[in-house]
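A.B. asks: Pasting a predicted model and its sequence here:
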Amino acid sequence: MPTLTITRTKSFLGAKRPFKVLADGKEIGRVANGSTIVVEVPEGICTISSKQDFFNTSDSLQLNLGANDKIGIIMKYRHGNMVFVGLILVITLASLVQHSLQKQIDMNPLVGPFAIFLPLALGLLLIAKMAKAFHITVTTGDWMTAK
């Protein structure tokens, strides 16, 4: 029977929740953060994908497996670190805007909430846009052979 060695790269994002590994839409295993699992799958053509909570993979890997094939697959988040960088930039921007408008905030108390809300709202919209493209990537590793 063909075997798949599935490795999940270590990531802070979603660290406590495992990826469900799917073959033709059926769960064949779960891989935790920074770990590797080995699973057997039936011969023939099969589609490998993954799922975690409400994040579905947009990438899938179609394999034509022979009797003794050994395939390696790497699963990881795409854009995961960028979401955290965006969040840090949003907080920094809100702090800078509030600091630069401190005189206006002192003179007019209504300016304060807008000085904080506007950069936060724009930044959160940017992060939401990035999170929309946030999904699990399934690729074969360069160190493995796939047929």
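C.D. replies: Great, that's in hand.
A.B. asks: any idea how far the residue sitting furthest away from the middle of the chain lies from Leu101?
C.D. replies: Most distant residue from the mean C-alpha position of the chain: Met107, 44.3 Å away (CA atoms, centre = their mean). According to CB to CB, to the nearest Å, Met107 and Leu101 sit 10 Å apart. For every residue, glycine as well, the C-beta is placed using N, CA and C.
A.B. asks: Might you list the low-confidence residue ranges for the chain?
C.D. replies: 13, 54-58, 78-84, 105, 109-116, 126-147 (pLDDT under 70).
A.B. asks: rerun at 50
C.D. replies: Along the chain, the model assigns pLDDT under 50 to residues 132-134, 142-147.
A.B. asks: For it, just list every one of the strands.
C.D. replies: 3-8, 19-23, 26-31, 36-40, 44-52, 55-56, 61-65, 70-78, 135-140 (DSSP state E).
A.B. asks: Show me which residues of the fifth one are buried.
C.D. replies: Judged by neighbour count using 16 or more other CB atoms under 10 Å, the buried positions of strand 44-52 are Cys46, Ile48, Ser49, Ser50, Lys51, Gln52.
A.B. asks: Which strand residues bridge the residue nearest to the spatial centre of the chain?
C.D. replies: Central residue of the chain (CA atoms, centre = their mean): Tyr77, 2.9 Å from the mean position. Bridge pairing for Tyr77 (DSSP bridges) gives the partners Ile136.
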